[in-house]
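Peer 1: sequence unknown, structure follows:
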């Protein structure tokens, strides 16, 4: 089972590498912090059916283009959830 953290939520706003802000509660949270009950998964390359892992922290989109697993893909026309939320 895949584990999720605050950085996988659409309400997480990164401030820097070590902290962020929850858009709902306005509290400071860490990117790897525990999830709350209002978590909604954001579209990222690693959640896409077109993404395949090549190395640690690197993969390919549709077998052609290099992509990072945590890259936000909300504007990608080819994004398809590999599993539903």
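Peer 2: Yes, it's here. Note that the structure is a prediction, hence the values are computed from the model and not measured.
Peer 1: for the closest residue to residue 74 other than its chain neighbours, what are its contacts?
Peer 2: Spatially, and ignoring its direct neighbours in sequence, residue 74 is nearest to residue 43 (4.5 Å; C-beta to C-beta, 6 or more residues apart in numbering). Any C-beta I mention is one placed from the backbone N, CA and C, and that applies to glycine too. By C-beta atoms under 8 Å, 6 or more residues apart in numbering, residue 43 lies in contact with 72, 73, 74, 76, 79, 81.
Peer 1: Below-threshold pLDDT in this protein: ranges please.
Peer 2: Where the chain drops to pLDDT under 70, the residues are 1-2, 84-85.
Peer 1: Mark out where each domain of it begins and ends.
Peer 2: The chain breaks down into these domains under automatic domain parsing: 1-42, 43-85.
Peer 1: what separates the longest one from the chain centre, distance-wise?
Peer 2: Same thing as domain 43-85. Centroid displacement of domain 43-85 relative to its chain, using C-alpha atoms, centre = their mean, to the nearest Å, is 10 Å.
Peer 1: swap in the shortest one?
Peer 2: Distance, stretch centre to chain centre, for domain 1-42: 10 Å (C-alpha atoms, centre = their mean).
Peer 1: can you start the count at 566 instead of 1 from here on
Peer 2: That works, and once the first residue is 566, the last one we named lands at domain 566-607.
Peer 1: Could I get the full set of helices for the protein?
Peer 2: Counting by DSSP state H, the chain has no helices to list.
Peer 1: quick one: contacts for the residue located most distally from the centre of it?
Peer 2: When distances are taken from the C-alpha mean of the chain, residue 629 lies farthest, 20.6 Å away, according to C-alpha atoms, centre = their mean. By C-beta under 8 Å, 6+ apart, no residues touch residue 629.
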